[in-house]
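1. Quick one: sequence and predicted model below, then my questions.
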Amino acid sequence: MFKWLKNLGKKKEDIDLKEEILESNKEELEQQIEEIEELEQIEEKEETTEDSKEIIETEDIKQQIEEAEEVEEIIEELEDIVEEIEEIEEKLEDAEDIQEEIVDELVEPEEVEEDVVETKPKKAGFFQKLMSGLTKTRDDITNKIDSVLKSYKKIDEELFDDLEEVLVTADVGVNTTMELIDRLRNRVKEEKVTEPDNVKELLKDEIKKIMLESVSDNNLNIEPSPALVLVVGVNGVGKTTTIGKLSNNFKKQGKKVLIAAGDTFRAAAIEQLEEWGSRANVDVISHSEGADPAAVIYDGIQAAKARKTDILICDTAGRLHNKSNLMNELNKIFRVAEREYGDATKEVLLVLDATTGQNAINQAKVFKEVANITGVALTKLDGTAKGGVIIALQAELNIPVKLVGVGEGIEDLQPFIVEDFVEALFN
């Protein structure tokens with residue numbers, strides 16, 4: 001019995017030992033399994049990392065390709081710009097060559113043909129404005145002349161009578177009209193013209209001749225500086241507007257300009273002149289309303305001297321009650337101008353309203369008697385059919401028309417050119 005028990009005890013000890021061994025092996029197995037699982041997880045992470053690296057590398061390559069394509073496009077654009085720059089440089093070289101030619105021509109004027117007009121583009125702009133401004137006058141003169149000539153099959157005295165009537169009614173003036181018709185009659189006879197249609201060109205030529213023969217120079221007399229421009233004329237003809245536009249023209253030529261508001265009697269005349277001065281960026285010397293015009297002109301001259309002004313433009317009173325008052329007022333201004341500004345180049349500019357026709361001629365006659373009128377500024381030419389008054393002013397009174405207003409804009413006061421006027425009148 002004890003032996004069996006002892007054997008049983010040994011077996012139990014063997015079992016316990018085996019259980020410990022198994023338990024130990026189990027723990028080792030579990031540890032191995034955990035290590036295997038950990039290894040598998042690490043391998044998965046490594047694979048994921050490799051995939052990520054490949055994706056990143058692929059995206060980097062794509063970005064580099066896109067950047068390379070953008071660089072190529074920029075290079076192509078730069079090449080286009082370089083080509084354009086080369087074309088511009090070629091044009092600049094051509095322009096420099098042209099400029100050198102122009103400079104050479106200006107340096108050696110004797111080599112320039114007299115028939116070539118270098119300022120044609122600027123002239124064309126004025127000519128178009130003149131054409132437009134003379135529309136009513138052209139309709140009244142040229143269209144009527146065309147109608148008269150078409151109604152005749154031969155040239156006779158009745159034709160000349162009808163042409164004479166057209167010119168007189170267009171405010172060309174009786175004396176000027178008679179002179180023109182006499183000249184036209186002689187030309188027809190001398191050149192043996194038989195067709196009425198050819199008379200128009202002869203009349204056009206005679207108008208041009210009679211205007212050029214009467215006046216040798218239609219340019220404003222403002223050189224050398226300093227210059228004094230005295231502006232005269234009755235109220236309502238556009239003196240203030242003319243001064244404002246004239247100031248603007250001078251400023252654009254690079255001149256230093258000053259205005260003296262000498263029309264101290266007309267209500268609001270000073271304020272209107274100051275407004276025009278502001279638009280033209282020109283200072284205005286003024287006194288209070290009712291002040292002595294000559295005193296304003298005196299102050300204007302002193303200011304012009306102090307500021308070394310190129311051109312002083314002086315407005316004057318526009319009253320025309322009688323010749324003696326006008327003469328006394330203007331003579332006082334002229335004496336001040338001569339005493340204080342004797343070395344200045346002087347221009348006495350008479351402003352006339354083209355819409356008044358023959359009344360403008362009468363005003364010119366009065367002012368010519370009391371002042372040394374050196375030129376006329378004819379305003380509102382675009383609003384009248386009486387533009388023929390220009391012909392009478394030059395041919396009959398021998399007063400040069402120097403400026404014409406062909407619109408209401410500040411740029412619409414333009415130098416008068418006889419040839420352009422005749423062309424615009426008959427075309």
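-> Looks like it arrived, so ask away.

2. Return the distance of the helix or strand where Ala306 lies from the chain's centre.
-> Assigning secondary structure by DSSP states H and E places Ala306 in helix 293-307. Its chain's C-alpha centre and that of helix 293-307 lie 31 Å apart, by Cα atoms, centre = their mean, to the nearest Å.

3. which strands and helices sit next to the helix or strand just after that helix?
-> Toward the C-terminal end, the helix or strand that comes next after helix 293-307 (DSSP H and E) is strand 311-315. Applying 3 or more Cβ pairs under 8 Å, 6 or more residues apart in numbering; DSSP states H and E, we find strand 311-315 packed against strand 227-232, helix 239-252, strand 257-261, helix 293-307. Glycine gets a C-beta too; all of them are placed from N, C-alpha and C.

4. would you turn these into a markdown table with mean neighbour count, mean pLDDT and distance to Asp197?
-> Supplementary listing: the helices and strands packed on strand 311-315 in a markdown table, determined by neighbours: other Cβ atoms under 10 Å; pLDDT from 0 to 100; distance: least, Cβ to Cβ, whole Å:
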| stretch | mean neighbour count | mean pLDDT | distance to Asp197 |
| --- | --- | --- | --- |
| strand 227-232 | 25 | 94 | 44 |
| helix 239-252 | 23 | 92 | 40 |
| strand 257-261 | 26 | 94 | 49 |
| helix 293-307 | 19 | 94 | 55 |
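
5. of all those, which lies closest to Ile36?
-> Nearest of the helices and strands packed on strand 311-315 to Ile36, taken as Cβ to Cβ: helix 239-252 at 97.8 Å.

6. State the mean pLDDT of the helix or strand that contains Glu35.
-> In this structure, Glu35 sits in helix 2-107 according to DSSP H and E. The average pLDDT for helix 2-107 rounds to 62.

7. How about stretch 308-317?
-> 92.

8. quick one: terminal-to-terminal distance for that stretch?
-> Using Cα to Cα, to the nearest Å, one end of stretch 308-317 lies 26 Å from the other.

9. Walk me through the domains of the protein.
-> 1-41, 135-214, 227-426 (automatic domain parsing).

10. ranking those by burial, who's on top?
-> For the domains of the chain, the largest average neighbour count (mean count of other Cβ atoms under 10 Å) is found in domain 227-426, namely a mean of 20.

11. quick revisit: export the domains of the chain as CSV, with columns for distance to Ile75.
-> Shown next, in CSV, are those (distance: least, Cβ to Cβ, whole Å):
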stretch, distance to Ile75
domain 1-41, 50
domain 135-214, 59
domain 227-426, 47
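
12. now for those domains, which one comes closest to Lys129?
-> Lys129 lies closest to domain 227-426 among those, at 4.7 Å (Cβ to Cβ).

13. so how far is the closest one from its chain's centroid?
-> Counting by Cα atoms, centre = their mean, domain 227-426 is centred 23 Å from the centre of its parent chain.

14. Quick one: end-to-end distance for that domain.
-> Criterion Cα to Cα; first-to-last residue distance in domain 227-426 is 36 Å.

15. hey, least reliable of the domains of the chain by pLDDT?
-> domain 1-41 (a mean of 64).

16. Need the contact partners of the helix or strand hosting Ala424.
-> Ala424 belongs to helix 418-426 when elements are defined using DSSP H and E. Defining contact as Cβ atoms under 8 Å, 6 or more residues apart in numbering, one finds that helix 418-426 is touched by 123, 126-127, 130-131, 134, 137-138, 141-142, 200, 204, 207-208, 211-212, 215, 218, 387, 390, 394, 404.

17. Just the residues you listed: which are in strands?
-> Val404 (DSSP state E).
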